[in-house]
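S.K.: one predicted model, sequence on top.
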Amino acid sequence: MAQLIPGNECRRVYSYLRLDRAPHKCDDGFGIGVLAPGWDPMSSGVGVQSGDAFLPTMIPGCVLWCETDTSRHLVGGVSTAVVFPAVTTGDDDMEAAGAGAWPSAVGGATSTKVGSPHSGTQCLRGTAGAAGVSEPYHANTSPAVGNWIRVTGWMRGDGLQGSINAICGGAGDVLPLGTFANTWQYFDVAGETKADRSFYLYGHGLVPNTGYFELDDLHFYSLNTSQLTDLTGLGHHLVQATAAKQQLAVVSGSGYVVRGDGLARYFAANYAGNQPRTRYLLAKTTVQASARVMLDGLAADSGALKHKAGSTTTQANAGSAFDGPAITDATWTIYRLTLNGAASSIAINGGAPTVGDAGAGNPAGLTLGAAGGGASGWSVQDSAMVADYTGAHDLATAARIERYMRRLAARLSVPVL
């Protein structure tokens, strides 16, 4: 179904949506409903800047669709798209006796517990020393240096002066928490731990010796990602149970993307899948001296999309390899891999496909960020979306899906050439 909307208009549509079966995806770019049978209320604002646009249509045959979350305001650290675990640090709620878990990192400044909390019976107060600086910290909140952590909580200043920030690790980025106003303010920050595994709360420009800020109800989440949820409803989730092999969720624009750093981090999903099929990937990859695999089947070279060693040239392999088009290194790119024997192809950013013989191998699942099986080919790669369809898509069908991918890239602030 299609409804033409004149250009330069913005409309809100209220309706109900029901899919005839789970594995479909709406390509409107606005997220109008769930991917499951049953009536679902739909409310979507559709903005058009120029030209004409259509309301969503359905594309059948999708057996896996994973994309990262475009909202950082998640409940309990878990979204419908990205799953990452909470980290137990001790005294996050500031209810323990004394401030032993939150010592001061600055001489002359103090950390104490006081009443009038956001919730419970007490909160943490960091009082400045003579330099007007207060820096309470909590040790070992991150699983490892180089990992990302997300921290939510409540803070308030003394109502006088100063700025209140957070630092993930001793040399991490300074993350603003709020103003010096004497009212409780919610914060939600994420950062990479760059020097040590501690989390620092940093108030500066405070009134010397008396200025303070207070914190309460903190929650820490490791951004090691254990699952990319399959949004088709078929349960073909991309998972990684081993913490050391989990890719990292890193902040990108208004949401998260997942990062493989070339160190044995990958996801895998096991499900039936034969040729022909069409696979899509929205990712930024960095060429390495050895060949790296952006995605594959469940076994090595059973449906691989690669970068050749030391080269921006792509390559497909499902038992037989052929070279595809070159990409711009370390740049967000839309990849399309069609596995169809001698009529296989690779296309970049919606351009003309390069056709070749990939062989007759059947993927039997999907591996993201490594060769199938995860034993080699670990890619230095940020990924925002991956999808797998049965059948070889024609150019018109591919264009619809790639249009959605561009919209997702825009929402995540990851521009595609």
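M.R.: Right, received. Where do you want to start?

S.K.: which stretches of the stretch 251-400 of the chain form helices?
M.R.: Under the criterion DSSP state H, counting those that start in this stretch, the stretch 251-400 of the chain contains helices at 395-411.

S.K.: show me where the chain dips below the pLDDT cut-off.
M.R.: Within the chain, the stretches with pLDDT under 70 are 1-58, 70-86, 88.

S.K.: what separation do you get for G359 and A318?
M.R.: Applying CB to CB, to the nearest Å, the value for G359 to A318 is 4 Å. Just so you know, the C-beta spots here come from the backbone N, C-alpha and C atoms, and that holds for glycine as well.

S.K.: between the two, which one's more packed in?
M.R.: Shown here are G359 and A318; by other CB atoms under 10 Å, A318 has more neighbours (25 against 21).

S.K.: find the residue closest to the more buried one in space, skipping its chain neighbours.
M.R.: G361 (3.7 Å; CB to CB, 6 or more residues apart in numbering).

S.K.: same question, W102
M.R.: Of all residues not flanking W102 in the chain, P136 sits nearest, at 4.4 Å (CB to CB, 6+ apart).

S.K.: and that neighbour, how many neighbours?
M.R.: P136 is flanked by 26 other residues according to other CB under 10 Å.

S.K.: quick check: bridge partners of it?
M.R.: With DSSP bridges as the criterion, P136 is bridged to S104.

S.K.: roughly how far apart are it and D196?
M.R.: Between P136 and D196 the computed distance is 15 Å (CB to CB).

S.K.: these two touch, right, A321 and I346?
M.R.: No - between A321 and I346 there is no contact under CB atoms under 8 Å: 11.3 Å.

S.K.: show me which of these two is the more surrounded one.
M.R.: Taking neighbours as other CB under 10 Å, A321 and I346 compare with I346 leading, 25 against 16.

S.K.: wait, what's in contact with that one?
M.R.: Neighbour list for I346: 305, 314-316, 324-325, 335-338, 353-354, 356 [criterion: CB atoms under 8 Å, 6 or more residues apart in numbering].

S.K.: and the strands in the stretch 151-300 of the chain?
M.R.: In the stretch 151-300 of the chain, the strands defined using DSSP state E, counting those that start in this stretch lie at 163-168, 174-178, 185-192, 199-204, 212-222, 227-228, 238-239, 248-252, 255-261, 267-269, 277-285, 292-296.

S.K.: and the last one, what does it pack against?
M.R.: In other words, strand 292-296. Strand 292-296 sits against strand 277-285, strand 304-307, strand 366-368, strand 380-390, with contacts defined as 3 or more CB pairs under 8 Å, 6 or more residues apart in numbering; DSSP states H and E.

S.K.: angle of the longest one against strand 255-261?
M.R.: When axes from the mean of the first three to the mean of the last three CA atoms, to 10 degrees is applied, the directions of strand 380-390 and strand 255-261 differ by 110 degrees.

S.K.: strands paired with strand 380-390, and their directions?
M.R.: Paired with strand 380-390 in the same sheet, following DSSP bridges, are strand 62-67 (antiparallel), strand 255-261 (antiparallel), strand 277-285 (antiparallel).

S.K.: closest one to G211 among those?
M.R.: Taking CB to CB, strand 255-261 is the member of the strands paired with strand 380-390 nearest to G211, at 34.9 Å.

S.K.: just the C-alphas of the closest one, formatted as CSV.
M.R.: As requested, the backbone C-alpha atoms of strand 255-261 are provided in CSV (Å, rounded to 0.1, in the frame of the first residue of the first chain):
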residue,chain,number,x,y,z
GLY,A,255,22.4,6.5,20.0
TYR,A,256,24.8,3.6,20.0
VAL,A,257,26.7,1.6,17.5
VAL,A,258,28.6,-1.6,18.2
ARG,A,259,32.4,-1.7,17.8
GLY,A,260,34.8,-4.6,17.0
ASP,A,261,38.4,-3.6,17.7
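
S.K.: now the angle from that strand to helix 395-411?
M.R.: Angle, strand 255-261 to helix 395-411, by the same axes, to 10 degrees: 100 degrees.

S.K.: how far away from the center of its chain is stretch 246-261?
M.R.: Stretch 246-261 sits 4 Å away from the centroid of its parent chain (CA atoms, centre = their mean, to the nearest Å).

S.K.: can I get the strands of the stretch 151-300 of the chain in CSV with mean neighbour count?
M.R.: Shown next, in CSV, are these (neighbours: other CB atoms under 10 Å):
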stretch, mean neighbour count
strand 163-168, 23
strand 174-178, 17
strand 185-192, 18
strand 199-204, 23
strand 212-222, 22
strand 227-228, 24
strand 238-239, 20
strand 248-252, 21
strand 255-261, 24
strand 267-269, 24
strand 277-285, 24
strand 292-296, 27
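
S.K.: among those strands, which is nearest A396?
M.R.: A396 sits nearest to strand 277-285 of all those, at 12.7 Å, using CB to CB.

S.K.: and that closest one with strand 292-296, angle?
M.R.: Strand 277-285 runs at 150 degrees relative to strand 292-296, counting by the same axes, to 10 degrees.

S.K.: returning to what we had before: for the residue nearest to W102, what are its contacts?
M.R.: Shown in contact with P136 (CB under 8 Å, 6+ apart): 99, 102-105, 109, 111, 124, 126, 200-201, 215.

S.K.: tell me how far it lies from V355.
M.R.: 61 Å.

S.K.: same deal with A166?
M.R.: Distance, A166 to V355, by CB to CB: 51 Å.

S.K.: what of Y256?
M.R.: Separation of Y256 from V355 (CB to CB) stands at 35 Å.

S.K.: how about L248?
M.R.: With distances taken as CB to CB, L248 is found 36 Å from V355.

S.K.: roughly how far is the helix or strand that contains L124 from the heart of the chain?
M.R.: Assigned by DSSP states H and E, L124 belongs to strand 123-127. From the chain centre to the centre of strand 123-127 is a distance of 33 Å (CA atoms, centre = their mean).
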